[in-house]
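>>> The sequence isn't on hand, but the structure is:
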């Protein structure tokens, strides 16, 4: 029992809120936050392969560099995820930015903040969960509703209320 409490204390838990033009990730244990635009800038290298040159708000500071592609993976008229691979890479970047390499992978609660007309489909449900797992989560859950209070955040309780469409 005591070992479980120690693991719980040091186990990273992230609350990921996603809007079309913003991604906010809060480390529940430390209160540290990442709150930036969900942008990625890609540029072809001399071998013709696209490489990441900037993520987040740094993309805005780039002066329309030649042959640079800027992608917002959460901008689409019908769904919140338009480019799964780029969305996963951005979340992976955020996790790497917030944590030094650690043997403990985070638990992640993904919370789509934009209005989802008609609710979330099974495909979107799975995509949000897989997004977190692919970015490095040990486990993920999807939360729908009003913004969660960080002071009373309980991953297990949120996970128990997860409802698949």
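Arrived safely. Predicted model only: the values in this text are computed from it and were never measured. Numbers count the residues shown, from 1 in each chain.
>>> switch to C-alpha atoms for all contacts and neighbour counts from now on
OK.
>>> can you map out the helices along the protein?
2-10, 84-98, 122-134, 155-160 (DSSP state H).
>>> Including distance to residue 62 and mean neighbour count, could the ones you listed go into CSV?
Converted to CSV, these look like this (distance: least, C-alpha to C-alpha, whole Å; neighbours: other C-alpha atoms under 10 Å):
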stretch, distance to residue 62, mean neighbour count
helix 2-10, 37, 10
helix 84-98, 17, 18
helix 122-134, 27, 17
helix 155-160, 38, 12
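>>> With mean pLDDT and distance to residue 111 added, can I get those helices in TSV?
TSV is the format used below for the helices of the chain (pLDDT from 0 to 100; distance: least, C-alpha to C-alpha, whole Å):
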stretch	mean pLDDT	distance to residue 111
helix 2-10	57	21
helix 84-98	93	13
helix 122-134	94	9
helix 155-160	88	11
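>>> can I get those in a markdown table with distance to residue 113?
As requested, those are arranged in a markdown table below (distance: least, C-alpha to C-alpha, whole Å):
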| stretch | distance to residue 113 |
| --- | --- |
| helix 2-10 | 27 |
| helix 84-98 | 15 |
| helix 122-134 | 12 |
| helix 155-160 | 16 |
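>>> From residue 36, how far off is residue 99?
Applying C-alpha to C-alpha, to the nearest Å, the value for residue 99 to residue 36 is 17 Å.
>>> and those two? which has more neighbours close in?
Per other C-alpha atoms under 10 Å, whichever of residue 99 and residue 36 has more neighbours is residue 36, with 16 against 12.
>>> Bridge partners for the more buried one, pull those for me.
Here residue 36 sits in beta bridges with residue 23, as judged by DSSP bridges.
>>> isn't it right up against residue 25?
No - the pair residue 36 / residue 25 is not scored as a contact, 9.2 Å apart, by C-alpha atoms under 8 Å.
>>> okay, and for this protein, where does confidence drop off?
The model of the chain has pLDDT under 70 over residues 1-10, 63-66, 101-102, 115.
>>> all strands of it, in order?
Ranges of strands in the chain, per DSSP state E, are 13-19, 22-27, 33-36, 40-44, 50-55, 68-71, 107-112, 139-142.
>>> Dump those to JSON lines, plus distance to residue 119.
Written out in JSON lines, the entries for the strands of the chain read as follows (distance: least, C-alpha to C-alpha, whole Å):
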{"stretch": "strand 13-19", "distance to residue 119": "15"}
{"stretch": "strand 22-27", "distance to residue 119": "20"}
{"stretch": "strand 33-36", "distance to residue 119": "25"}
{"stretch": "strand 40-44", "distance to residue 119": "27"}
{"stretch": "strand 50-55", "distance to residue 119": "29"}
{"stretch": "strand 68-71", "distance to residue 119": "25"}
{"stretch": "strand 107-112", "distance to residue 119": "11"}
{"stretch": "strand 139-142", "distance to residue 119": "13"}
